[in-house]
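**Q** Just the structure for this:
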Amino acid sequence: MLTGPPVIISIGELLWDQFPDSAHLGGAPSNFAVHTASLGARSILVSRVGQDKYGNRAVEILGEKGVDTAFIQRDPVLTTGLVNVDLSGDEPEYEILGQVAWDDIAWEDRFSSLMESADAVCFGTLSQRSDTSRTTILRAVHNAKDSCLKVLDLNFRQDYHSLEVVQNSLQLADVVKLSGPEIPILRRYLGGGQDDGQFLKNLRSRYSLDCVVLSLGERGCRVFDGGDEFTVKAVSRDVVNTVGAGDAFTAAFVTHRLAGNDAETCAKKANQAGGYVVTCEDGMPILPTTHRIFAFNPPYRKEAN
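**A** Residues are numbered from 1 along each chain as shown. Model (predicted):
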C-alpha cells in the first residue's frame, strides 16, 4: 500500500514532433512522464538527447512541467530525435527519423537503485529499435522490484518492431496497453485467428498479465482484468489534436491503479484524461488539477514561461 506519491519511471524516446507549421515536444514516454507528473506522482524520465538546441529546450520544458530530468543523458554526437507528423488523414502519420540520440540510451550504474525505487515503470516497443537502447530498457525493467508495476505500451511505428522485441517485452510486463492498429501486427507475430476479444484474453493468459487495456479512441476502451472483461465508453469531445491522447490515457490508468482503484475506475479516469488532451493543440498539456490524485510538488519544477 502506498504511503505517499508513487515513483513512476518512463524510459524511451524523447523527441520533437514537427508539424507543417510548428514543432512540439513529444514521444510516448515523454508525454506519459508529463501526465503522471500532472497527476501528482514523482515522475522520472530516462532518455537521451543531443547537445543541441532541441535537447536543451526539451529538458527545460520537461522540468517546467514537473518531470525529473536528472536521468536524461546527453549525446556528444547524435542529435535530438525528430519526427515529421502528417495530420491530413483520420489518424496522425509519423515519419520517425533514425540514428538519433534516443537510439543510444546507455546503461548507467545509478539505474539499478533508480529502478529499485520505482512503483511503476512504463516502456514501449519503438524505443527498442536499436540494440543499445533495447538492452538498457530491458535491463532496467528486469531490475525493478517485484512489486513494481511494469507497463508495456505497444506502439508499433513504421517497421520498428520485431517478434523478439514483442516477446521479450511481453514476458516482462504486468499491464499491456495497445490500440486497434496494433492488434493485426501482434496477431501476425503471435498467431491466433480469434476475434479481437478472444485474442486479447489469450494474450493475457499466455503471458500471465494482470491486465490488458485496449484503447478505442473516441469510443472509450476495453479492459481485460483478471477474469473480468468490460468496455467503458468515453464522453464525446470536440477534437483538436489526437497526438498524445493515448499517453495521457495510459498515465491516468497506471496512476489510478497505483492509488488502489479498481480497473473500471482506472478506465474511466483514463478516458477522461485522454479526452482532455484531444481538446488541446499541444500533445503534452498539463492536466487540470481536477485530475490530480497525489500531492507531490517537485522541488525541480520551474515556472512555465
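**Q** for whichever strand or helix holds residue 16, packing partners?
**A** Under the criterion of DSSP states H and E, residue 16 resides in strand 15-18. Using 3 or more C-beta pairs under 8 Å, 6 or more residues apart in numbering; DSSP states H and E, the elements in contact with strand 15-18 are strand 23-26, strand 81-86. Backbone N, C-alpha and C define where each C-beta goes, glycine included.
**Q** List the contacts of residue 45.
**A** Going by C-beta atoms under 8 Å, 6 or more residues apart in numbering, residue 45 touches 9-11, 14, 29-30, 33, 62, 67-69, 71-72.
**Q** give me that answer again for 7 Å
**A** 10, 14, 29-30, 33, 62, 67, 69, 71-72 (C-beta atoms under 7 Å, 6 or more residues apart in numbering).
**Q** Tell me if I am right that it is in a strand.
**A** Yes: remark: residue 45 belongs to a strand, assigned using DSSP: H, G, I helix; E, B strand; the rest coil.
**Q** Tell me the confidence at it?
**A** Residue 45 is assigned a predicted lDDT (pLDDT) of 99.
**Q** and it, bridged to which residues?
**A** residue 10 (DSSP bridges).
**Q** hmm, back to that, which of the contacts of residue 45 sits closest to residue 118?
**A** Of all these, the one with the least separation from residue 118 (C-beta to C-beta) is residue 10, at 10.1 Å.
**Q** The closest one and residue 122 touch, don't they?
**A** Yes: counting by C-beta atoms under 7 Å, residue 10 touches residue 122, with 4.6 Å between them.
**Q** Need the overlap of contacts for the two.
**A** Each of 29, 32 lies in contact with both residue 10 and residue 122 under the rule C-beta under 7 Å, 6+ apart.
**Q** Between those two, which has more neighbouring residues?
**A** residue 10 (34 against 28; other C-beta atoms under 10 Å).
**Q** need the contact list for the more buried one.
**A** Taking C-beta under 7 Å, 6+ apart as the test, what residue 10 contacts is 29, 32-33, 45, 122.
**Q** Return the per-residue confidence for it.
**A** Reading off the model, residue 10 has pLDDT 98.
**Q** and the contacts of residue 10 as TSV, adding distance to residue 230 and secondary structure?
**A** Shown next, in TSV, are the contacts of residue 10 (distance: C-beta to C-beta, whole Å; DSSP: H, G, I helix; E, B strand; the rest coil):
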residue	distance to residue 230	secondary structure
29	28	helix
32	24	helix
33	28	helix
45	32	strand
122	23	strand
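**Q** Among the residues you listed, which one lies nearest to residue 161?
**A** Nearest member of the contacts of residue 10 to residue 161, counting by C-beta to C-beta, is residue 29, at 15.9 Å.
**Q** Can you report how many residues lie near the closest one?
**A** Around residue 29 there are 27 residues (other C-beta under 10 Å).
**Q** And the one 10 residues further on, by the same measure?
**A** Applying other C-beta under 10 Å, we find 28 residues neighbouring residue 39.
**Q** Quick check, it in contact with residue 254.
**A** No: with contact defined as C-beta under 7 Å, residue 39 does not reach residue 254; the gap is 9.1 Å.
**Q** Now stretch 220-229 - C-alpha only, PDB.
**A** Extracted C-alpha coordinates of stretch 220-229, given in PDB (Å, rounded to 0.1, in the frame of the first residue of the first chain):
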ATOM      1  CA  GLY A 220     -13.500   4.600 -24.900                       C
ATOM      2  CA  CYS A 221     -11.600   1.400 -24.000                       C
ATOM      3  CA  ARG A 222     -12.000  -2.300 -23.500                       C
ATOM      4  CA  VAL A 223     -10.300  -3.800 -20.400                       C
ATOM      5  CA  PHE A 224      -9.400  -7.400 -19.700                       C
ATOM      6  CA  ASP A 225      -8.600  -7.500 -16.000                       C
ATOM      7  CA  GLY A 226      -8.100 -11.000 -14.400                       C
ATOM      8  CA  GLY A 227     -11.300 -12.900 -15.300                       C
ATOM      9  CA  ASP A 228     -13.300  -9.700 -16.000                       C
ATOM     10  CA  GLU A 229     -13.900  -8.000 -19.300                       C
END
